[in-house]
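Student: make a model of this:
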Amino acid sequence: MGVIHALGSQWHKAEFAALLGQTLMQRPAVSGLFQGATSMSTVCNLMAAISYRSDDPRFTAAEIDDPFLLLICFDCFRLLFVKEVQQGGLSQAEQLILTLCRRVAAQVAADVEADVKADVRADLEVGVETAAAPDTLNDATRLMRAQIQRLGTTLDELYLERRRRSNNMLGG
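Tutor: So this is what the prediction gives:
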């Protein structure tokens with residue numbers, strides 16, 4: 001019985017990885033990342049392995065919305081950030097996930113801003129004044145987006161420091 005349950009779990013995880021790939025390919029900022037040796041399938045399978053939770057019904061839903069995509073990216077980014085800081089030497093797929101997550105976070109922010117501006121424009125066209133258009137993302141989602149961006153900046157600084165140390169050791 002345990003083998004059947006394990007196979008079922010892997011099947012659901014694979015289905016989730018496929019849905020994740022379809023969702024990511026719809027994002028222009030992300031689809032261009034997959035021109036090299038690492039495939040979208042490899043990255044999505046790795047992201048699914050990192051983030052999948054069988055007890056969460058969102059992982060078996062028919063589509064992935066922005067807040068859920070950001071949660072997936074947050075989970076992956078945070079884990080890979082810790083791995084990079086503690087051990088260094090991420091694989092190409094893991095490096096790609098870090099880049100992908102940063103782009104998704106930035107694009108979600110841009111999409112929300114564009115949606116809010118469009119709503120305000122539409123309200124103004126029909127003569128309705130809006131004092132302040134609400135952000136469609138909740139506080140937790142905004143916090144995850146900001147943390148991905150902040151940890152990304154920290155990673156950039158870490159890479160620069162490692163490069164400086166490497167150059168210093170080489171006498172450069």
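
Student: quick one, helices of this structure?
Tutor: 2-25, 28-31, 40-51, 66-86, 92-125, 139-169 (DSSP state H).

Student: between these, which one is nearest to residue 59?
Tutor: Counting by CB to CB, residue 59 lies closest to helix 2-25 out of these; the figure is 5.2 Å. C-beta: built from backbone N, CA, C; applies to glycine.

Student: for the protein, which residues score under the pLDDT cut-off?
Tutor: Filtered on pLDDT under 70, the chain yields the residue ranges 1, 111-137, 170-172.

Student: excluding chain neighbours, what is closest to residue 18?
Tutor: Using CB to CB, 6 or more residues apart in numbering and skipping residues adjacent in sequence, the residue nearest residue 18 is residue 44, 7.2 Å away.

Student: count the neighbours of that neighbour for me.
Tutor: Neighbour count of residue 44, defined by other CB atoms under 10 Å: 25.

Student: now residue 65
Tutor: 11.

Student: one more: residue 77?
Tutor: Using other CB under 10 Å: residue 77 sits among 27 other residues.

Student: ok, now which ones touch it?
Tutor: The neighbours of residue 77, taking CB atoms under 8 Å, 6 or more residues apart in numbering as the test, are 97, 98, 101, 102, 148, 151, 152.

Student: among those residues, give me the pair with the biggest separation.
Tutor: Greatest spatial distance among the contacts of residue 77 (CB to CB): 97 and 151, at 12.9 Å.

Student: give me the more crowded residue out of the two.
Tutor: residue 97 (25 against 22).

Student: show me the contacts for the more buried one.
Tutor: 43, 46, 47, 76, 77, 80.

Student: let's see it at 7 Å
Tutor: For residue 97, the contacting residues are 43, 46, 47, 76, 80, by CB atoms under 7 Å, 6 or more residues apart in numbering.

Student: and stretch 32-49, what's buried?
Tutor: 33, 34, 38, 40, 42, 43, 44, 45, 46, 47, 48 (16 or more other CB atoms under 10 Å).

Student: hmm, who's touching that stretch?
Tutor: 13, 16-17, 20-21, 24-25, 72, 76, 92-93, 96-97, 99-100.

Student: among those, which ones are buried?
Tutor: 13, 16, 17, 20, 21, 24, 72, 76, 93, 96, 97, 100.

Student: do I have it right that residue 141 meets residue 70?
Tutor: Yes - if you go by CB atoms under 7 Å, residue 141 and residue 70 touch, sitting 5.6 Å apart.

Student: among the two, which residue is more densely surrounded?
Tutor: Shown here are residue 141 and residue 70; by other CB under 10 Å, residue 70 has more neighbours (25 against 21).
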